[in-house]
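A.B. asks: sequence and predicted model, in that order:
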Amino acid sequence: MGGSCSGKTTFSRRLAAALDVPHIELDALHHDRGWQEAPADVFQARVRAAFEAGHDGWVADGNYGAKLDSLVLEHADIAVLLELPFRVVFGRAVRRTVGRTITRKELWNGNHEQIRHLFTPYWIPWWVLRTHWSYGRKVLERVDGHPHLEMVHLRSVDEVEGWLQSIQATESMSGSSNGSERQKTPPLAET
């Protein structure tokens, strides 16, 4: 978990590969074609189905506390909060958003960053400016209600790299990594 551009998806993909379990990208399950957001009940059903598909374990990235409540936290063993310095996150936000807008790189389900969002409240760098300093506190409050969770709080790129390098898959953690590739959201009719 963490704010926009904190590295959640990259971190989660690497962790899932190290553990040999599926990667669940919550953004891909939430955003349908045309940036339509899945209703809470549909989104929750998609997340539950992804958990069931990863019967030997999984790594999920994202936040979505308002729509998922504590669904992910109740099923997790470890919560990782990425709370990198503002200069790192904001630099990533500008580079990533401008780059994706120019290249028209697909994010999920046919969705792309849009030039019309440039310098509007929907532009990710503005979102980072508005939310960066409060995200960590909110995540810690959410996790605090789940005493079964081990909490890992990483505050720098070096801490992130060191923690990821320390992970070794054990037999009880191993599963299929076939789900690690970019997910496609199931059609609404199938959920």
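C.D. replies: Thanks, I have it. Residues are numbered from 1 along each chain as shown.
A.B. asks: which elements pack onto the helix or strand hosting residue 28?
C.D. replies: In the assignment (DSSP states H and E), residue 28 maps to helix 26-30. In this structure, helix 26-30 packs against helix 40-53, with contacts taken as 3 or more CB pairs under 8 Å, 6 or more residues apart in numbering; DSSP states H and E. Where C-beta positions appear, they are placed from N, C-alpha and C, glycine not excepted.
A.B. asks: mind giving me the packing neighbours of the helix it packs on?
C.D. replies: So helix 40-53, by 3+ CB pairs under 8 Å, 6+ apart, packs with strand 23-25, helix 26-30, helix 65-68, helix 71-75.
A.B. asks: which one of these is the most hemmed in?
C.D. replies: Neighbour counts (mean count of other CB atoms under 10 Å) averaged over each of these peak at strand 23-25, with a mean of 25.
A.B. asks: in its sheet, what does that strand sit against?
C.D. replies: Next to strand 23-25 in the sheet, as set by DSSP bridges, lie strand 59-61 (parallel).
A.B. asks: can I get the helices and strands packed on helix 40-53 in CSV including mean pLDDT and distance to residue 48?
C.D. replies: As requested, the helices and strands packed on helix 40-53 are exported to CSV (pLDDT from 0 to 100; distance: least, CB to CB, whole Å):
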stretch, mean pLDDT, distance to residue 48
strand 23-25, 97, 11
helix 26-30, 96, 10
helix 65-68, 93, 10
helix 71-75, 96, 7
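A.B. asks: mind putting these in JSON lines, distance to residue 95 included?
C.D. replies: Shown next, in JSON lines, are those (distance: least, CB to CB, whole Å):
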{"stretch": "strand 23-25", "distance to residue 95": "20"}
{"stretch": "helix 26-30", "distance to residue 95": "18"}
{"stretch": "helix 65-68", "distance to residue 95": "27"}
{"stretch": "helix 71-75", "distance to residue 95": "28"}
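A.B. asks: the helices in the protein, which residues?
C.D. replies: 8-19, 26-30, 40-53, 65-68, 71-75, 86-103, 124-144, 157-166 (DSSP state H).
A.B. asks: any idea of the mean pLDDT in the third one?
C.D. replies: Averaged over helix 40-53, pLDDT sits at 97.
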